[in-house]
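Enquirer: What follows is a predicted structure for the sequence shown.
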Amino acid sequence: MNSLLEFIRSLTEFSDESWKILQPALTAKKFRKKELLLQEGQTCTSLFYIEKGYCRSFYDINGVDKNTEFFFENEIATNIDSFGNGQISAYNIIAGEPLTVIVFDKAKLYQAAQECREIENLGRHCVRLIATKQEKFATLFKLYSAQERLEYIEQKHPEMMQRISLSQLASFLGVARETLSRIRKRRTTG
């Protein structure tokens, strides 16, 4: 849990006393590759701080996964709409490789936030981080071509290029696997 405390302190001031108050809301958990953290149709009641491994969020459309986001070490994975508003999740979150997370339980987290202003501030910082990442990716898809999206991922998120399959990356970029292969080939030969 030391990496979580470092992560928290990189976001906001956080005392040892606040850390003690937060403890009842935290549980370490492991997921096997392809194990669901959140299933479509469930209400999300957790934030998942990723210590090791990665997971992805996706929609299942007629048996085909459409990836919407990837979450790697030192990031928080969740369905922010479902977590914040209590609505059912329209998508899944699944482990992309063996995954070690620290689960923030929503009810216990809210209780701790009522006791401690630093924990309340932490919640706001986490929501801001998640929203900022989602907005960057949404803008990427609105304004850029598939090749430009790939270049952005290569520059800003090289871990995606190294750790996820070409099929998963193609789904995330919104192109067929063959199209992605052509884009990559054109760039290496051109």
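Expert: Arrived safely. These figures come from a predicted structure and were not determined experimentally.
Enquirer: Domains in this protein, by residue range?
Expert: Annotated domains of the chain cover 2-142, 144-190 [automatic domain parsing].
Enquirer: where among the ones you listed is the average confidence lowest?
Expert: Of all the domains of the chain, the minimum mean pLDDT falls on domain 144-190 (a mean of 84).
Enquirer: How far does that one sit from its chain's centre?
Expert: 19 Å (CA atoms, centre = their mean, to the nearest Å).
Enquirer: Can you tell me which of the domains of the chain is most buried?
Expert: Most buried of the domains of the chain, by mean neighbour count (mean count of other CB atoms under 10 Å): domain 2-142, with a mean of 16. The C-beta positions use only the backbone N, C-alpha and C, and glycine is treated the same way.
Enquirer: From the chain's centre, how far out is it? Work that out for me.
Expert: Worked out by CA atoms, centre = their mean, domain 2-142 lies 6 Å from the chain centre.
Enquirer: how far does that domain stretch from start to finish?
Expert: End-to-end distance of domain 2-142 (CA to CA, to the nearest Å): 38 Å.
Enquirer: ditto for stretch 171-184
Expert: First residue to last in stretch 171-184 (CA to CA) measures 15 Å.
Enquirer: now do stretch 87-102
Expert: 23 Å.
Enquirer: Could you do stretch 4-24 as well?
Expert: 14 Å.
Enquirer: Same check on stretch 47-58?
Expert: 17 Å.
Enquirer: Does anything pack onto the longest helix seen in the chain? Which helices or strands?
Expert: For the chain, the helix reaching the highest residue count under DSSP state H is reported as helix 117-143. Here helix 117-143 touches helix 2-11, helix 16-22, strand 64-71, strand 76-77, helix 80-85, helix 106-115, helix 146-156, going by 3 or more CB pairs under 8 Å, 6 or more residues apart in numbering; DSSP states H and E.
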